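> this one's sequence-less:
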């Protein structure tokens, strides 16, 4: 039901009573502004979350494996401290490189350490050494950021 309104937005009570209409207050400008602002914030947050989700597409199992290895290398330090620092490191690595590249670099870095003839193929190839070096650089930046040095 419509109410009688004057140009200034004030209710003309006399006219409304004469017409027998219910008086409804219009939505205030601040409420409309709040709704628009809220909708804009939700849209922005959704867009940001989608970008973060794409940036951090690392599989959970790979994240856990990295954290376990990191913690094993630092078994002399407090357990809970290393959980947080090592998980911070894998998050920092995920922010630097995509998952597919991480798998390739990690494989090259681990493969170079294989002893004997099995590891010779990876150790002798310049590509493998370059990939391992890049992985160490990415990992060193992450460790520095997360106070693991």
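Alright, I've got the coordinates. Note that the structure is predicted; figures quoted are calculated from it, not measured. Residues are numbered from 1 along each chain as shown.

> so is residue 101 in a helix, a strand, or just coil?
Recorded secondary structure, residue 101: helix (DSSP: H, G, I helix; E, B strand; the rest coil).

> pLDDT score assigned to it?
For residue 101, the pLDDT comes out at 96.

> got it, and residue 22?
For residue 22, pLDDT reads 59.

> for residue 74, same thing?
At residue 74, the model reports a pLDDT of 94.

> nearest spatial neighbour of it, chain-adjacent residues omitted?
Excluding its sequence neighbours, the residue lying closest to residue 74 (CB to CB, 6 or more residues apart in numbering) is residue 82, at 5.3 Å. Yep, even glycine has a C-beta here, placed from its N, CA and C like the rest.

> and what of residue 142?
residue 92 (3.6 Å).

> which helix or which strand is home to that neighbour?
helix 79-96 (DSSP states H and E).

> buried residues in that helix?
Buried positions in helix 79-96, judged by neighbour count with 16 or more other CB atoms under 10 Å: 82, 85, 86, 87, 88, 89, 90, 91, 92, 93, 94.

> ditto for stretch 124-137
Buried-residue list, stretch 124-137, by 16+ other CB under 10 Å: 128, 131, 132, 134, 135.

> so who does residue 89 touch?
By CB atoms under 8 Å, 6 or more residues apart in numbering, residue 89 lies in contact with 66, 70, 139, 142, 143, 145, 146, 148.

> do residue 59 as well
residue 99.

> find the nearest non-adjacent residue to residue 134, please.
residue 105 (5.7 Å).

> surely the one you found touches residue 137?
No: when contacts are counted by CB atoms under 8 Å, residue 105 is not listed as touching residue 137 (9.6 Å).

> show me the domain layout of this structure.
Annotated domains of the chain cover 13-55, 60-145 [automatic domain parsing].

> and the ones you listed, which one averages the lowest pLDDT?
Among the domains of the chain, domain 13-55 scores lowest, at a mean of 60.

> how about the helices in this structure?
Using DSSP state H, the helices of the chain run over 13-19, 29-55, 60-73, 79-96, 99-111, 116-124, 126-145.
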